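Trainee: Got a predicted structure here, sequence first:
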Amino acid sequence: MALLSATACMIGNSSSGIREGAFIGTPVVNIGSRQFSRERASNVIDVPPVSEAIGRAARKLLFTEKIPSSTLYGNGYAAEKIVAVLEQELPPIQKTIRY
């Protein structure tokens, strides 16, 4: 994530641009249809695999204002929530046989 947060614009077809890039606010040019069914935040521009379209989208994203962070895929506190659930004292789950 450190590299992605220092990136001026990510170009490719990786889910990390769509998911982590949204949270960080990294501009992303998503090429092709590989990520077709994923929801997108405002950091993503979808383009066909055509060099002119890729260049136009990259220039647009590079010369726009800072893209705000999106919590579309979460707020960054999943680990803390998981630990809190695991630390709860849960009732015993052993089966008992009733006769």
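Mentor: Looks like it arrived, so ask away.
Trainee: Would you check how far apart the residue lying closest to K66 once chain neighbours are set aside and L4 are?
Mentor: Spatial nearest neighbour of K66, chain neighbours left out: G25 (6.5 Å); criterion: Cβ to Cβ, 6 or more residues apart in numbering. (Each C-beta comes from the backbone N, C-alpha and C, glycine too.) According to Cβ to Cβ, to the nearest Å, G25 and L4 sit 10 Å apart.
Trainee: swap in S16?
Mentor: Distance from S16 to L4, by Cβ to Cβ: 7 Å.
Trainee: do G76 as well
Mentor: G76 sits at a distance of 13 Å from L4 (criterion: Cβ to Cβ).
Trainee: who's more crowded, the two?
Mentor: Counted by other Cβ atoms under 10 Å, G76 and L4 do not tie: L4 has more neighbours, with 16 against 13.
Trainee: so where does that one fall, helix or strand?
Mentor: Taking DSSP states H and E as the definition, L4 sits inside helix 2-5.
Trainee: in this protein, which spans are strands?
Mentor: Applying DSSP state E to the chain gives strands spanning 10-12, 28-31, 44-47.
Trainee: Go through these and pick out the most buried.
Mentor: Sort these by mean neighbour count, taking mean count of other Cβ atoms under 10 Å, and strand 28-31 sits at the top with a mean of 25.
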